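Engineer: Got a predicted model here, sequence first, then my questions.
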Amino acid sequence: MKQAIMLLIIAVIASITFSNTAFAAASDEELRIKLTVNGHTLTATLEDNPTSRAFVAKLPFTLPMMDLYGREMCYRFDDALPTGKLTSSNYKVGDLAYWPPRHSFVILYEQNGERFQRQHLGRIDSGVEIFNGIGDVDVLFEKSKGE
């Protein structure tokens, strides 16, 4: 009996380890995205968390992003995305974040020192300055093909 339980425990641990390894290998590609704004292409690297996975699962889509406060591009989803560990630390220019109270996905393109509780999704690799002074704009989001 003890041997059967031990074998069952080993099988469960092996299954979990294999699943996590397989997900990590499969998700490397899925957690890179491409953004197209006014004909310019940017890439972003996303963290592996529940919010990022839910965001990637919806791709591709075009979002009408609102320019808010001269620091962020914002889109408010109708339904909430799942969240993991929220943070209230300072954000960095280029961060992608999700603000749960209003279901807001944001691209932070300017720093003003404000702190707010959010789920960090990832970061635009380069070129975030394209959003400076752009106003409201449609942004196409797609899975990256290793770009």
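Structural biologist: Structure's in. What do you need? Numbering: from 1, shown residues only.

Engineer: Which positions within stretch 121-133 qualify as buried?
Structural biologist: Of the residues in stretch 121-133, 121-124, 128, 131 count as buried by neighbour count, 16 or more other Cβ atoms under 10 Å. Where you see a C-beta, it was placed from the backbone N, CA and C, and this is true even at glycine.

Engineer: can you list contacts of that stretch?
Structural biologist: 31, 35, 37-38, 40, 42-47, 49, 51-52, 55, 67, 73, 92-98, 105, 107, 109-110, 137 (Cβ atoms under 8 Å, 6 or more residues apart in numbering).

Engineer: Kindly confirm my reading that Ser52 is in a helix.
Structural biologist: Yes. Membership of Ser52 in a helix is supported by DSSP: H, G, I helix; E, B strand; the rest coil.

Engineer: Who's the closest spatial neighbour of it, skipping the chain neighbours?
Structural biologist: Leu46 (4.2 Å; Cβ to Cβ, 6 or more residues apart in numbering).

Engineer: burial measure for the one you found, as a count.
Structural biologist: Neighbours of Leu46 under the rule other Cβ atoms under 10 Å: 21.
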